[in-house]
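Peer 1: here is a sequence with its predicted model. Questions after.
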Amino acid sequence: MIIRFFHQMGSPRYFYNVAGKLVPWFMVSFLITLVFGLYHGLFVAPPDYQQGESYRIMYIHVPSAWMSMFIYVVMAVSGLISLVWRIKMTEIVVISSATVGASFTFLALATGSLWGKPMWGTWWVWDARLTSELILLFLYLGIIALHSAIEDKRVAARAVSILALVGVVNIPIIHYSVEWWNTLHQPASVTKFDKPSMDMSMLIPLLTMAISFKLYYGAVVLMRARAEIVERERNSRWVQEMVEQEAK
Amino acid sequence: MSTLSLTSAFSLLLKRDLVLAYRRRSELINPMLFFVLVTAMFPLGIGNDPKLIEAVGPGVVWVAALLASLLSLDSMFRSDFEDGSLEQFMLSAHPVSILVLAKILAHWLVTGLPLFIVAPLLAVLLNIPASAIPTLMLTLILGTPVLSLIGSVGVALTVGLRRGGVILSLLVLPLYVPVLIFGTDAVKTAIIGIPTTAQISILGAMLVGSLVLAPMATAASLRISLS
């Protein structure tokens, strides 16, 4: 049963249809959680006793930062699967995730510096987290650049899969070396989120936003994957039939 | 066809690459020249205050080494790719990762080792005290092979591309960060006079780790690039 499910999901046509049905569900639940999370985060949750109102950017910033790492792991895992079993669909997931991941990484950096200006008095500090997030952005950009440089998209997908795997081995090393470098050369900056306790009225909107971002990622990846499938399979019969039907 | 043992295949390939490099001696000098040149640009850019130069010295040497290594990476598989011998390696009976390791070793001997040799000169230019020069040399001899090994994966992925150079730097430089951090830090610590065992050990661990993992990733990438 489960094997059959995976077997079917490996077929572009089946994946295309299932994804088409899933996208609206992802979109609707994304919007619901987004509205709930933003409302509770921006209006209901109490202001922070130290940072006042400006802490509220964390409802965008923290989920984005989580997503930036989560998506990289998803890419590496699906990269491994596509290298070992040569499944077309996981190749497509790797490619479709890269741009979304890069956007979330950029969002995390941008919101972080917006928050840093009033809090730390500067847009940017060479803090361990900021630095490793910046390097993560470069890794994403490298993946996107490599994919767009290789013309044969199946070859490109496999090359990118290897790169994602090399990156995922390196990310912990990079992260810890940056942390080591930071503790030696700069006093620890104010990191609010190291505090163990967070009030429930703040935690619930934060977690809702995290779920909401994951749903958004799901929706966007499926949409991008469908577009990629149609482009790759444009010479196959089912795509041509589908296009003809839509033209009528 | 007579069968060749793995060891002799390895040493033959190594010898071949070294001979090829020796025949093009002008290219041998280039990474070294680049290394010296980039380093000489820094004092011109930041001013001639000896204290300032001393403070940035270790970082400058290491960034220049990174760039010199990056610049020379492209030649690692280029000519073999163009004349088709790379495809012959893929077809050989021996594991590609070992053959790749021979090529990386040859490449490092030709481009990495000269940096190590010229480093004391740069240390003097950048006011790095004599007591820290052995540490600088040690970090370079442990670190530059790591750069070649990590870089080989990037080169293997981009070898088939017409304009791989810029992409190569985008792929490889973020992965160089740990080497840069620990290499620079060891030298800075040595200047103050504190033991640098921790940094040296970590650089050694990186060397061993990339020695094991990078040739496999490079072999897999070459197979994809040549497909």
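Peer 2: Done, it's in.

Peer 1: got the phi and psi for A:Gly52?
Peer 2: Main-chain dihedrals, A:Gly52, degrees, to the nearest 10: phi 70, psi -140.

Peer 1: state the distance from A:Asn170 to chain B.
Peer 2: According to C-beta to the nearest C-beta, to the nearest Å, A:Asn170 stands 5 Å off from chain B. Heads up, the C-betas are built off the backbone N, CA and C, glycines and all.

Peer 1: ok but that residue is inside a helix, no?
Peer 2: Yes. With DSSP: H, G, I helix; E, B strand; the rest coil as the criterion, A:Asn170 is assigned to a helix.

Peer 1: wait, it touches B:Tyr176, no?
Peer 2: No. The criterion here is C-beta atoms under 8 Å, and A:Asn170 misses it with B:Tyr176 at 9.8 Å.

Peer 1: residues near B:Lys15, how many?
Peer 2: Each residue near B:Lys15 was counted by other C-beta atoms under 10 Å in any protein chain shown, and the total is 12.

Peer 1: actually A:Thr33, sorry about that
Peer 2: When neighbours are defined as other C-beta under 10 Å, A:Thr33 has 20 of them.

Peer 1: host element of it?
Peer 2: Assigned by DSSP states H and E, A:Thr33 falls within helix A:12-39.

Peer 1: tell me which residue is most central in chain B.
Peer 2: With distances taken as C-alpha atoms, centre = their mean, the residue of chain B nearest its centroid is B:Ser148 (3.5 Å).

Peer 1: quick one: that residue and B:Trp108 touch, right?
Peer 2: Yes. Counting by C-beta under 8 Å, B:Ser148 does reach B:Trp108; the two are 4.3 Å apart.

Peer 1: compare A:Asn170 and B:Tyr176 and say which one has the larger neighbour count.
Peer 2: Neighbours per residue (other C-beta under 10 Å) separate A:Asn170 from B:Tyr176, with B:Tyr176 holding more: 25 against 21.

Peer 1: dump the residue contacts of the closest residue to the more buried one other than its chain neighbours.
Peer 2: The shortest distance from B:Tyr176 to any non-neighbouring residue, by C-beta to C-beta, 6 or more residues apart in numbering or on different chains, is to B:Leu66 (5.4 Å). B:Leu66 is in contact with B:Leu147, B:Leu173, B:Tyr176, B:Val179, B:Leu180, counting by C-beta atoms under 8 Å, 6 or more residues apart in numbering or on different chains.

Peer 1: so the residue nearest to A:Leu42 when sequence neighbours are not counted versus chain B, what's the distance?
Peer 2: Once flanking residues are discounted, A:Leu42 sits nearest to A:Arg56: 5.7 Å by C-beta to C-beta, 6+ apart. Remark: distance between A:Arg56 and chain B (C-beta to the nearest C-beta) = 32 Å.

Peer 1: enumerate every residue touching A:Arg56.
Peer 2: For A:Arg56, the contact set (C-beta under 8 Å, 6+ apart) comprises A:Gly41, A:Leu42, A:Ala45.

Peer 1: distance of it from A:Asp48?
Peer 2: 8 Å (C-beta to C-beta, to the nearest Å).

Peer 1: residue ranges of the helices in chain A, please?
Peer 2: A:2-9, A:12-39, A:58-85, A:88-120, A:128-149, A:153-185, A:200-232, A:237-247 (DSSP state H).

Peer 1: got phi/psi on A:Gly121?
Peer 2: Here is the backbone geometry of A:Gly121 (degrees, to the nearest 10): phi 80, psi 10.

Peer 1: oh sorry, the question was meant for B:Phe77
Peer 2: Main-chain dihedrals, B:Phe77, degrees, to the nearest 10: phi -110, psi 0.

Peer 1: give me the neighbour count for the nearest residue to it once chain neighbours are set aside.
Peer 2: What sits nearest to B:Phe77 in space, not counting adjacent residues and going by C-beta to C-beta, 6+ apart, is B:Val159, at 4.8 Å. When neighbours are defined as other C-beta under 10 Å, B:Val159 has 21 of them.

Peer 1: so B:Val159 sits against B:Ser75, correct?
Peer 2: No. With contact defined as C-beta under 8 Å, B:Val159 does not count as touching B:Ser75 (10.7 Å).

Peer 1: verify the contact between B:Thr189 and B:Gln199 for me.
Peer 2: Yes. Proximity of B:Thr189 to B:Gln199 meets the contact threshold set by C-beta under 8 Å, at 6.6 Å.
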